[in-house]
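Colleague: Below are the sequence and a predicted model; questions follow.
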Amino acid sequence: MQSLALKYRPHVLDDVVGQPIVVRTLTNAIKNDNLRQGYLFVGQFGSGKTTVARILAAMENCTESPGMHPCGKCSICKGVFAGRHTDIREIDAASSAGSADEIRKLKADAVYTPVDGAKKKIFIIDECHRMSPTANDALLKILEEPPKHVRFILCTTDVQKVRPAIQSRCQRHDFGKIYWSLITGRLTEIAEKEKIQVDPAALNLCARLSSGSMRNGISNLEKLRDFTGGKPVSMEDAQAMFGEVGETLYYDLLDQIIGTKGNGKPDASDGFRIVNQMLSTGTDFDLLYTGLLEHLRSIMVGLTCTKAGEFLQVSEEGKRRLKEQLRHCQEHDKLNAIIAIIGKLRHAKWEVEFNYPPDIALQKWFLESVFAFRR
Ligand SMILES: Nc1ncnc2c1ncn2[C@@H]1O[C@H](COP(=O)(O)OP(=O)(O)OP(=O)(O)O)[C@@H](O)[C@H]1O
Ligand SMILES: [Mg+2]
Ligand SMILES: [Zn+2]
(Lines give C-alpha, C1' and ligand atoms only; values in the text may rest on other atoms or scores of the structure.)
(Ligands and ions follow the chains in the order given, each with its own letter.)
Protein backbone atom coordinates (compact mmCIF):
# COMPACT_ATOMS: atom_id res chain seq x y z
CA MET A 1 0.00 0.00 0.00
CA GLN A 2 1.24 3.46 -0.92
CA SER A 3 2.46 5.48 2.07
CA LEU A 4 0.50 8.58 3.05
CA ALA A 5 3.61 10.72 2.46
CA LEU A 6 3.72 9.60 -1.17
CA LYS A 7 -0.04 9.77 -1.62
CA TYR A 8 -0.05 13.38 -0.45
CA ARG A 9 3.02 14.60 -2.30
CA PRO A 10 1.98 17.98 -3.73
CA HIS A 11 1.65 18.29 -7.51
CA VAL A 12 1.46 22.09 -7.62
CA LEU A 13 3.56 24.78 -5.93
CA ASP A 14 0.44 26.15 -4.17
CA ASP A 15 0.29 22.97 -2.10
CA VAL A 16 3.92 23.11 -0.97
CA VAL A 17 3.90 23.96 2.73
CA GLY A 18 6.49 26.43 4.07
CA GLN A 19 9.47 27.25 1.84
CA PRO A 20 7.96 30.62 0.79
CA ILE A 21 11.16 31.97 -0.77
CA VAL A 22 11.70 28.91 -2.94
CA VAL A 23 8.07 28.93 -4.05
CA ARG A 24 8.06 32.64 -4.86
CA THR A 25 11.33 32.61 -6.80
CA LEU A 26 10.35 29.58 -8.86
CA THR A 27 6.85 30.97 -9.49
CA ASN A 28 8.39 34.15 -10.90
CA ALA A 29 10.89 32.18 -12.94
CA ILE A 30 8.08 30.12 -14.50
CA LYS A 31 5.90 33.17 -15.15
CA ASN A 32 8.76 35.13 -16.71
CA ASP A 33 10.13 32.14 -18.58
CA ASN A 34 13.38 32.58 -16.77
CA LEU A 35 14.30 29.16 -15.40
CA ARG A 36 17.96 28.39 -14.77
CA GLN A 37 19.78 25.44 -16.28
CA GLY A 38 21.27 24.39 -12.99
CA TYR A 39 19.55 24.35 -9.60
CA LEU A 40 20.88 23.20 -6.27
CA PHE A 41 18.19 22.31 -3.71
CA VAL A 42 19.68 22.21 -0.25
CA GLY A 43 18.31 21.29 3.16
CA GLN A 44 16.42 19.22 5.66
CA PHE A 45 15.30 15.70 4.67
CA GLY A 46 11.60 15.42 3.87
CA SER A 47 11.14 19.14 3.36
CA GLY A 48 10.16 19.21 -0.31
CA LYS A 49 13.31 19.08 -2.48
CA THR A 50 12.31 16.12 -4.65
CA THR A 51 8.69 17.29 -4.57
CA VAL A 52 9.55 20.75 -5.92
CA ALA A 53 12.00 19.32 -8.48
CA ARG A 54 9.19 17.16 -9.88
CA ILE A 55 6.69 20.02 -9.83
CA LEU A 56 9.16 22.17 -11.75
CA ALA A 57 9.59 19.42 -14.33
CA ALA A 58 5.82 19.04 -14.68
CA MET A 59 5.18 22.82 -14.87
CA GLU A 60 7.60 23.15 -17.73
CA ASN A 61 6.76 20.00 -19.67
CA CYS A 62 3.06 19.27 -19.12
CA THR A 63 1.46 18.92 -22.56
CA GLU A 64 -2.05 20.00 -21.44
CA SER A 65 -1.50 23.02 -19.19
CA PRO A 66 2.12 24.01 -18.76
CA GLY A 67 2.71 26.70 -16.12
CA MET A 68 1.59 27.01 -12.53
CA HIS A 69 -1.00 24.24 -12.64
CA PRO A 70 0.25 21.19 -14.54
CA CYS A 71 -2.63 18.85 -15.39
CA GLY A 72 -1.34 15.81 -13.50
CA LYS A 73 -2.98 13.58 -16.14
CA CYS A 74 -0.94 13.77 -19.35
CA SER A 75 1.73 11.15 -19.92
CA ILE A 76 4.47 13.60 -18.92
CA CYS A 77 2.84 14.59 -15.62
CA LYS A 78 2.08 10.95 -14.83
CA GLY A 79 5.64 9.91 -15.62
CA VAL A 80 7.16 12.77 -13.64
CA PHE A 81 5.05 12.22 -10.55
CA ALA A 82 5.70 8.49 -10.62
CA GLY A 83 9.42 9.28 -10.83
CA ARG A 84 9.87 7.49 -14.15
CA HIS A 85 9.78 9.45 -17.37
CA THR A 86 12.41 8.85 -20.02
CA ASP A 87 13.20 12.56 -20.39
CA ILE A 88 12.98 13.45 -16.72
CA ARG A 89 15.53 11.28 -15.04
CA GLU A 90 16.01 10.86 -11.32
CA ILE A 91 19.45 9.71 -10.36
CA ASP A 92 20.43 8.66 -6.87
CA ALA A 93 24.05 9.67 -6.49
CA ALA A 94 24.35 7.57 -3.33
CA SER A 95 24.03 4.41 -5.43
CA SER A 96 26.07 3.21 -8.39
CA ALA A 97 24.12 5.71 -10.50
CA GLY A 98 26.40 8.37 -9.00
CA SER A 99 29.59 6.70 -10.20
CA ALA A 100 31.91 8.33 -12.72
CA ASP A 101 30.87 5.87 -15.43
CA GLU A 102 27.19 6.63 -14.97
CA ILE A 103 27.78 10.39 -15.03
CA ARG A 104 29.78 9.95 -18.24
CA LYS A 105 26.86 8.04 -19.72
CA LEU A 106 24.55 10.80 -18.58
CA LYS A 107 26.76 13.34 -20.36
CA ALA A 108 26.66 11.34 -23.57
CA ASP A 109 22.87 11.02 -23.28
CA ALA A 110 22.38 14.73 -22.51
CA VAL A 111 23.57 15.65 -26.00
CA TYR A 112 20.38 14.20 -27.52
CA THR A 113 17.15 16.18 -27.42
CA PRO A 114 14.18 14.76 -25.44
CA VAL A 115 12.65 11.67 -27.01
CA ASP A 116 9.36 11.27 -25.20
CA GLY A 117 7.48 14.53 -25.68
CA ALA A 118 9.15 16.74 -23.06
CA LYS A 119 10.46 20.21 -23.93
CA LYS A 120 13.50 19.81 -21.75
CA LYS A 121 15.52 16.89 -20.59
CA ILE A 122 15.77 17.19 -16.83
CA PHE A 123 18.26 15.40 -14.63
CA ILE A 124 17.35 15.37 -10.95
CA ILE A 125 20.42 14.21 -9.03
CA ASP A 126 19.55 13.25 -5.45
CA GLU A 127 22.12 13.18 -2.65
CA CYS A 128 24.54 14.88 -5.05
CA HIS A 129 27.13 15.27 -2.28
CA ARG A 130 27.66 11.49 -2.50
CA MET A 131 29.10 11.62 -6.05
CA SER A 132 32.65 10.34 -6.35
CA PRO A 133 35.40 12.89 -7.13
CA THR A 134 35.70 11.65 -10.72
CA ALA A 135 31.93 11.80 -11.16
CA ASN A 136 32.08 15.38 -9.90
CA ASP A 137 34.76 16.22 -12.47
CA ALA A 138 32.64 14.69 -15.20
CA LEU A 139 29.58 16.67 -14.14
CA LEU A 140 31.39 20.01 -13.79
CA LYS A 141 32.03 20.46 -17.47
CA ILE A 142 28.46 19.84 -18.56
CA LEU A 143 27.08 22.00 -15.74
CA GLU A 144 29.28 24.83 -16.99
CA GLU A 145 27.79 24.76 -20.47
CA PRO A 146 24.80 22.44 -20.65
CA PRO A 147 23.05 21.86 -24.00
CA LYS A 148 20.06 24.25 -24.31
CA HIS A 149 17.51 21.44 -23.93
CA VAL A 150 18.95 20.25 -20.61
CA ARG A 151 18.27 21.27 -17.03
CA PHE A 152 19.93 19.96 -13.87
CA ILE A 153 18.39 19.90 -10.43
CA LEU A 154 20.86 18.73 -7.81
CA CYS A 155 19.51 17.92 -4.35
CA THR A 156 21.43 17.48 -1.13
CA THR A 157 20.93 17.27 2.61
CA ASP A 158 24.61 18.09 3.18
CA VAL A 159 25.68 21.11 1.18
CA GLN A 160 29.03 21.38 2.99
CA LYS A 161 30.12 18.34 1.05
CA VAL A 162 29.15 19.74 -2.35
CA ARG A 163 32.15 21.13 -4.13
CA PRO A 164 32.16 24.94 -4.35
CA ALA A 165 32.75 24.67 -8.13
CA ILE A 166 29.48 22.71 -8.49
CA GLN A 167 27.64 25.10 -6.17
CA SER A 168 28.72 28.16 -8.12
CA ARG A 169 27.32 26.75 -11.35
CA CYS A 170 23.82 26.39 -9.90
CA GLN A 171 21.15 28.63 -8.43
CA ARG A 172 20.89 27.56 -4.82
CA HIS A 173 17.58 27.20 -2.96
CA ASP A 174 17.45 26.45 0.74
CA PHE A 175 14.67 24.23 2.07
CA GLY A 176 14.36 25.01 5.78
CA LYS A 177 12.85 22.92 8.53
CA ILE A 178 9.09 23.28 8.36
CA TYR A 179 7.56 24.99 11.39
CA TRP A 180 5.56 22.47 13.42
CA SER A 181 2.31 24.41 13.33
CA LEU A 182 2.42 24.29 9.51
CA ILE A 183 3.02 20.55 9.71
CA THR A 184 0.05 20.23 12.09
CA GLY A 185 -2.10 22.07 9.52
CA ARG A 186 -1.12 19.68 6.75
CA LEU A 187 -1.67 16.64 9.02
CA THR A 188 -5.13 17.95 9.89
CA GLU A 189 -6.00 18.14 6.18
CA ILE A 190 -4.65 14.65 5.52
CA ALA A 191 -6.47 13.17 8.53
CA GLU A 192 -9.74 14.69 7.27
CA LYS A 193 -9.29 13.34 3.76
CA GLU A 194 -8.34 9.90 5.07
CA LYS A 195 -11.19 9.98 7.59
CA ILE A 196 -8.81 9.33 10.48
CA GLN A 197 -10.43 10.60 13.67
CA VAL A 198 -7.65 12.01 15.76
CA ASP A 199 -7.35 14.31 18.77
CA PRO A 200 -5.80 17.63 17.60
CA ALA A 201 -3.31 17.39 20.47
CA ALA A 202 -2.09 14.06 19.03
CA LEU A 203 -1.60 15.67 15.60
CA ASN A 204 0.31 18.40 17.32
CA LEU A 205 2.55 15.79 18.91
CA CYS A 206 3.15 14.09 15.53
CA ALA A 207 4.31 17.44 14.18
CA ARG A 208 6.45 18.30 17.18
CA LEU A 209 8.26 14.98 16.87
CA SER A 210 8.96 15.46 13.16
CA SER A 211 12.23 17.47 13.40
CA GLY A 212 10.74 19.90 10.90
CA SER A 213 10.38 17.20 8.24
CA MET A 214 6.96 16.88 6.62
CA ARG A 215 7.73 13.29 5.66
CA ASN A 216 8.38 12.43 9.32
CA GLY A 217 5.22 14.24 10.42
CA ILE A 218 3.09 12.31 7.94
CA SER A 219 4.69 8.97 8.86
CA ASN A 220 3.97 9.69 12.52
CA LEU A 221 0.30 10.14 11.67
CA GLU A 222 0.40 6.92 9.67
CA LYS A 223 1.95 5.03 12.58
CA LEU A 224 -0.84 6.24 14.85
CA ARG A 225 -3.52 5.17 12.38
CA ASP A 226 -1.95 1.72 12.19
CA PHE A 227 -1.50 1.59 15.99
CA THR A 228 -5.21 2.08 16.72
CA GLY A 229 -6.27 0.02 13.71
CA GLY A 230 -8.87 2.52 12.49
CA LYS A 231 -10.32 3.47 15.89
CA PRO A 232 -10.27 7.15 16.92
CA VAL A 233 -6.77 8.21 17.98
CA SER A 234 -6.48 9.84 21.40
CA MET A 235 -3.63 11.83 22.90
CA GLU A 236 -2.97 8.87 25.23
CA ASP A 237 -2.48 6.62 22.17
CA ALA A 238 -0.02 9.13 20.76
CA GLN A 239 1.87 9.35 24.02
CA ALA A 240 2.03 5.57 24.33
CA MET A 241 3.19 5.26 20.72
CA PHE A 242 5.93 7.86 20.90
CA GLY A 243 6.99 7.35 24.51
CA GLU A 244 6.25 10.97 25.29
CA VAL A 245 5.72 12.23 28.80
CA GLY A 246 1.99 12.69 29.39
CA GLU A 247 0.77 16.28 29.28
CA THR A 248 -0.54 15.89 32.86
CA LEU A 249 3.02 15.75 34.10
CA TYR A 250 3.83 19.07 32.42
CA TYR A 251 0.83 20.71 34.03
CA ASP A 252 1.67 19.13 37.39
CA LEU A 253 5.22 20.43 37.19
CA LEU A 254 4.15 23.94 36.19
CA ASP A 255 1.65 23.94 39.08
CA GLN A 256 4.58 23.38 41.39
CA ILE A 257 6.67 26.13 39.81
CA ILE A 258 3.93 28.72 39.48
CA GLY A 259 2.62 27.90 42.92
CA THR A 260 -0.92 27.09 41.75
CA LYS A 261 -0.73 24.25 44.25
CA GLY A 262 1.15 24.55 47.51
CA ASN A 263 1.35 27.26 50.13
CA GLY A 264 3.49 29.82 48.31
CA LYS A 265 6.63 28.84 50.23
CA PRO A 266 9.58 27.44 48.27
CA ASP A 267 9.23 23.77 49.15
CA ALA A 268 10.29 22.04 45.98
CA SER A 269 9.93 18.40 47.08
CA ASP A 270 6.76 17.56 45.14
CA GLY A 271 8.04 19.24 42.00
CA PHE A 272 11.39 17.55 42.33
CA ARG A 273 9.61 14.21 42.46
CA ILE A 274 7.79 15.08 39.21
CA VAL A 275 11.06 16.04 37.51
CA ASN A 276 12.55 12.70 38.49
CA GLN A 277 9.44 10.90 37.28
CA MET A 278 9.81 12.63 33.89
CA LEU A 279 13.46 11.65 33.69
CA SER A 280 12.70 8.07 34.70
CA THR A 281 10.50 7.58 31.61
CA GLY A 282 13.71 7.71 29.57
CA THR A 283 12.24 10.48 27.41
CA ASP A 284 14.87 12.32 25.43
CA PHE A 285 15.89 15.71 26.88
CA ASP A 286 15.00 17.45 23.62
CA LEU A 287 11.44 16.18 23.89
CA LEU A 288 11.10 17.31 27.49
CA TYR A 289 12.54 20.66 26.48
CA THR A 290 10.06 21.08 23.63
CA GLY A 291 7.15 19.94 25.81
CA LEU A 292 8.00 22.39 28.59
CA LEU A 293 8.62 25.19 26.14
CA GLU A 294 5.28 24.58 24.52
CA HIS A 295 3.47 24.71 27.86
CA LEU A 296 5.24 27.91 28.85
CA ARG A 297 4.43 29.37 25.46
CA SER A 298 0.75 28.56 25.98
CA ILE A 299 0.85 30.49 29.26
CA MET A 300 2.55 33.46 27.59
CA VAL A 301 -0.01 33.47 24.79
CA GLY A 302 -2.79 33.22 27.38
CA LEU A 303 -1.36 36.15 29.34
CA THR A 304 -0.89 38.40 26.34
CA CYS A 305 -3.61 37.58 23.78
CA THR A 306 -7.29 38.15 24.44
CA LYS A 307 -8.33 35.44 21.97
CA ALA A 308 -5.71 32.90 23.04
CA GLY A 309 -7.88 29.94 21.95
CA GLU A 310 -7.20 30.82 18.29
CA PHE A 311 -3.48 30.22 18.72
CA LEU A 312 -3.42 27.24 21.03
CA GLN A 313 -3.97 23.59 20.36
CA VAL A 314 -4.67 21.91 23.70
CA SER A 315 -6.90 19.13 24.86
CA GLU A 316 -10.08 19.84 26.87
CA GLU A 317 -8.42 18.81 30.13
CA GLY A 318 -5.39 20.91 29.14
CA LYS A 319 -7.64 23.96 28.68
CA ARG A 320 -9.04 23.58 32.19
CA ARG A 321 -5.63 23.33 33.80
CA LEU A 322 -4.19 26.09 31.67
CA LYS A 323 -7.02 28.42 32.73
CA GLU A 324 -6.23 27.76 36.38
CA GLN A 325 -2.53 28.49 35.86
CA LEU A 326 -3.31 31.61 33.84
CA ARG A 327 -5.58 32.95 36.55
CA HIS A 328 -2.84 32.46 39.13
CA CYS A 329 -0.21 34.17 36.95
CA GLN A 330 -2.53 37.09 36.23
CA GLU A 331 -3.41 37.59 39.88
CA HIS A 332 0.26 37.59 40.87
CA ASP A 333 1.57 39.49 37.84
CA LYS A 334 3.93 36.72 36.77
CA LEU A 335 4.52 37.39 33.05
CA ASN A 336 8.11 38.45 33.71
CA ALA A 337 8.75 35.33 35.75
CA ILE A 338 7.46 33.18 32.86
CA ILE A 339 9.75 34.98 30.43
CA ALA A 340 12.66 34.50 32.85
CA ILE A 341 12.16 30.75 33.21
CA ILE A 342 11.87 30.34 29.42
CA GLY A 343 15.31 31.97 29.20
CA LYS A 344 16.64 29.62 31.86
CA LEU A 345 15.19 26.63 29.99
CA ARG A 346 16.96 27.74 26.83
CA HIS A 347 20.15 27.97 28.88
CA ALA A 348 19.64 24.42 30.18
CA LYS A 349 19.30 23.19 26.60
CA TRP A 350 22.46 24.98 25.64
CA GLU A 351 24.28 23.36 28.57
CA VAL A 352 23.09 19.91 27.48
CA GLU A 353 24.34 20.63 23.96
CA PHE A 354 27.72 21.19 25.60
CA ASN A 355 27.62 17.83 27.36
CA TYR A 356 26.15 18.90 30.69
CA PRO A 357 24.24 15.88 32.12
CA PRO A 358 20.56 16.28 31.06
CA ASP A 359 19.13 15.15 34.40
CA ILE A 360 21.14 17.72 36.34
CA ALA A 361 20.30 20.44 33.80
CA LEU A 362 16.57 19.76 34.19
CA GLN A 363 16.69 19.55 37.98
CA LYS A 364 18.69 22.80 38.14
CA TRP A 365 16.22 24.50 35.81
CA PHE A 366 13.34 23.42 38.00
CA LEU A 367 14.91 24.72 41.20
CA GLU A 368 15.86 28.03 39.61
CA SER A 369 12.33 28.36 38.28
CA VAL A 370 10.80 27.77 41.71
CA PHE A 371 12.90 30.59 43.13
CA ALA A 372 12.17 32.88 40.20
CA PHE A 373 8.46 32.56 41.06
CA ARG A 374 8.66 32.77 44.80
CA ARG A 375 10.87 35.84 44.80
N1 LIG B 1 7.07 21.43 1.82
C2 LIG B 1 6.23 20.39 1.76
N3 LIG B 1 4.91 20.57 1.60
C4 LIG B 1 4.05 19.51 1.57
N5 LIG B 1 4.46 18.22 1.66
C6 LIG B 1 5.77 17.99 1.82
C7 LIG B 1 6.72 19.05 1.86
N8 LIG B 1 7.94 18.53 2.01
C9 LIG B 1 7.78 17.22 2.07
N10 LIG B 1 6.49 16.86 1.95
C11 LIG B 1 5.94 15.50 2.07
O12 LIG B 1 7.03 14.63 2.39
C13 LIG B 1 7.29 13.70 1.36
C14 LIG B 1 8.79 13.71 1.06
O15 LIG B 1 9.17 14.96 0.52
P16 LIG B 1 10.39 15.09 -0.48
O17 LIG B 1 10.67 13.79 -1.15
O18 LIG B 1 10.13 16.25 -1.35
O19 LIG B 1 11.54 15.43 0.54
P20 LIG B 1 13.07 15.73 0.26
O21 LIG B 1 13.33 17.12 0.73
O22 LIG B 1 13.41 15.40 -1.15
O23 LIG B 1 13.76 14.73 1.28
P24 LIG B 1 15.11 13.84 1.17
O25 LIG B 1 16.23 14.77 1.49
O26 LIG B 1 14.93 12.81 2.23
O27 LIG B 1 15.17 13.29 -0.22
C28 LIG B 1 6.44 14.14 0.17
O29 LIG B 1 5.95 13.01 -0.50
C30 LIG B 1 5.34 14.96 0.78
O31 LIG B 1 4.25 14.14 1.14
MG1 LIG C 1 14.47 13.82 -2.01
ZN1 LIG D 1 0.24 17.35 -17.62
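Modeller: Happy to help now that I have it. Ligands and ions are numbered 1, 2, ... in the order given.

Colleague: Can you tell me how far Val150 is from Val42?
Modeller: Applying CB to CB, to the nearest Å, the value for Val150 to Val42 is 21 Å. All C-beta spots, glycine's among them, are computed from the backbone N, C-alpha and C.

Colleague: what's the neighbour count on whichever residue of the stretch 51-200 of the chain sits closest to ligand 1?
Modeller: For the stretch 51-200 of the chain, the residue closest to ligand 1 is Thr51, as judged by CB to the nearest ligand atom, at 3.3 Å. By other CB atoms under 10 Å, 24 other residues sit near Thr51.

Colleague: can you give me the helices in the stretch 201-350 of the chain?
Modeller: Counting by DSSP state H, counting those that start in this stretch, the stretch 201-350 of the chain has helices at residues 214-228, 235-242, 247-258, 269-280, 285-304, 316-331, 335-353.

Colleague: do you know which of these lies nearest ligand 1?
Modeller: That would be helix 214-228 among these, by CB to the nearest ligand atom, at 3.5 Å.

Colleague: Get me the contact residues on this structure for ligand 3.
Modeller: Residues of the chain lying close to ligand 3 (CB under 5 Å from the ion) are 62, 64, 70-71, 74, 77.

Colleague: Pull the contacting residues for the closest residue to Ile341 other than its chain neighbours.
Modeller: Nearest residue to Ile341, sequence neighbours excluded (CB to CB, 6 or more residues apart in numbering): Ser369, at 4.3 Å. Ser369 makes contact with 257, 341, 344, according to CB atoms under 8 Å, 6 or more residues apart in numbering.

Colleague: This protein: strands as residue ranges?
Modeller: Counting by DSSP state E, the chain has strands at residues 38-43, 88-92, 121-126, 150-156, 171-175.

Colleague: Distance check, the residue of the stretch 51-200 of the chain closest to ligand 1 against Ser3.
Modeller: 14 Å.

Colleague: Just give the closest residue to the residue in the stretch 201-350 of the chain positioned nearest to ligand 2, not the sequence neighbours.
Modeller: In the stretch 201-350 of the chain, the residue that lies nearest ligand 2 is Arg215 (8.9 Å; CB to the ion). Leaving out its chain neighbours, the residue that sits closest to Arg215 by CB to CB, 6+ apart is Gly46, at 2.9 Å.

Colleague: how many neighbours does the residue nearest to Ala202 when sequence neighbours are not counted have?
Modeller: Nearest-residue entry for Ala202: Ala238, 3.7 Å, with adjacent residues in sequence omitted and distances by CB to CB, 6+ apart. By the measure other CB under 10 Å, the count of residues near Ala238 is 25.

Colleague: Was I right to think Ala238 contacts Asp199?
Modeller: Yes: between Ala238 and Asp199 there is a contact under CB atoms under 8 Å: 7.4 Å.

Colleague: Please parse this structure into its domains.
Modeller: Here the domain assignment for the chain is 4-175, 181-242, 247-374, based on automatic domain parsing.

Colleague: now the ones you listed in TSV, with mean pLDDT?
Modeller: What follows is those, written out as TSV (pLDDT from 0 to 100):
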stretch	mean pLDDT
domain 4-175	93
domain 181-242	92
domain 247-374	86
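
Colleague: okay, the strands of the chain in JSON lines with distance to ligand 1 next?
Modeller: Shown next, in JSON lines, are these (distance: least, CB to the nearest ligand atom, whole Å):
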{"stretch": "strand 38-43", "distance to ligand 1": "7"}
{"stretch": "strand 88-92", "distance to ligand 1": "9"}
{"stretch": "strand 121-126", "distance to ligand 1": "6"}
{"stretch": "strand 150-156", "distance to ligand 1": "6"}
{"stretch": "strand 171-175", "distance to ligand 1": "6"}
